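Trainee: generate coordinates for the sequence data below:
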Amino acid sequence: MRNRQAEAVKQLTDRELLLNVYLTQIILVILAGIISLFLFQDMWFFADLINFTWTEIIILGGGTAFLVIGIDLILMKTLPQEMLDDGGINERIFSRLSISHIFFLCAIISFSEELLFRGVIQTSFGLVLSSLLFALIHVRYLSKPVLFSSVVLISFLIGVLYEVTDNLMTTITAHFLIDFVMACLIKQKARI
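Mentor: Numbering: from 1, shown residues only. From the prediction side, this is the model:
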């Protein structure tokens, strides 16, 4: 299955790959809305989960992102590149985008994924299920033990952050900063 998926991805143009990323995020938001109708009787439940407590967002969300980015940078310096290679997908997505487009895309990704996995699934079914499902949607990492382990650990860390703060803005911020900084590093590396 992974080989078929890898081949299918290789057949896509960079534009089609990017459109698939956007389509996936739309599907995640729709899924969050549909599931929330059954679990919360209100599709707009997540408004109660968003608080603009700036110290929490900056210190805990930013601090979590800083920790994850630091560990990622250490892994990038110490491990062979093939252990961290996702098949070039992230490079294809981010290397040609402008910084403002990367910012926008990472904001969409962090919002949609945190809405579904923390706001809906973790709120209803707990940390373990939401973290494992989050890791599993990153299916291309399943054949890469270091990448998959990293996604699982990051998912649990962000899940714990949500448990501690009960605030989607904190997890969205952490997720956004991780994705945005790493995407900008991918863009910078592609220029060299």
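Trainee: any idea how far Q41 is from I34?
Mentor: In this structure, Q41 lies at 13 Å from I34, with CB to CB, to the nearest Å as the measure. For the C-beta atoms, the positions are set from N, CA and C on the backbone; glycine is no exception.
Trainee: so V151 touches V139, yeah?
Mentor: No - V151 is beyond contact range of V139, at 10.3 Å (criterion: CB atoms under 8 Å).
Trainee: just to revisit the earlier point, and Q41 and I34? Which one has more around it.
Mentor: Neighbour tally, Q41 and I34, criterion other CB atoms under 10 Å: the higher count belongs to I34, 12 against 8.
Trainee: give the next helix or strand downstream of the host helix or strand of that one.
Mentor: Element membership for I34 (DSSP states H and E) is helix 14-40. Counting by DSSP H and E, the element after helix 14-40 in chain order, helix or strand, is helix 54-55.
Trainee: phi first, then psi, for L84.
Mentor: Dihedral angles of L84 (phi, psi; degrees, to the nearest 10) stand at phi -110, psi 0.
Trainee: what does Q41 give?
Mentor: Dihedral pair for Q41: phi 60, psi 20, per degrees, to the nearest 10.
Trainee: and the helices in this structure?
Mentor: Using DSSP state H, the helices found in the chain span residues 2-11, 14-40, 54-55, 62-78, 81-84, 89-94, 99-114, 123-125, 127-137, 145-165, 168-191.
Trainee: how far does the helix holding I34 sit from its chain's centre?
Mentor: Distance of helix 14-40 from the chain centroid (CA atoms, centre = their mean, to the nearest Å) equals 13 Å.
Trainee: which strands or helices does that helix pack on?
Mentor: When contacts are defined as 3 or more CB pairs under 8 Å, 6 or more residues apart in numbering; DSSP states H and E, helix 14-40 sits against helix 89-94, helix 99-114.
Trainee: can you give me the mean pLDDT across that helix?
Mentor: Averaging pLDDT along helix 14-40 gives 93.
Trainee: then stretch 44-64?
Mentor: Per-residue scores along stretch 44-64 average to 90.
Trainee: return the distance of it from the chain's centre.
Mentor: Between the mean C-alpha location of stretch 44-64 and the chain-wide mean there is a distance of 16 Å, by CA atoms, centre = their mean.
Trainee: which ones are touching the residue lying closest to L127 once chain neighbours are set aside?
Mentor: Using CB to CB, 6 or more residues apart in numbering and skipping residues adjacent in sequence, the residue nearest L127 is G159, 4.5 Å away. The contact partners of G159, taken as CB atoms under 8 Å, 6 or more residues apart in numbering, are F117, R118, Q122, L127, S130, S131, F134.
Trainee: out of these, which end up buried?
Mentor: If you count burial by 16 or more other CB atoms under 10 Å, the buried members of the contacts of G159 come out as F117, R118, Q122, L127, S130, S131, F134.
Trainee: for L19, see how far away the nearest residue to the second one once chain neighbours are set aside is.
Mentor: In this case it means R118. Take R118 and drop its neighbours on the chain: the residue closest to it by CB to CB, 6+ apart is Y162, 4.5 Å away. Using CB to CB, one obtains 30 Å as the distance from Y162 to L19.
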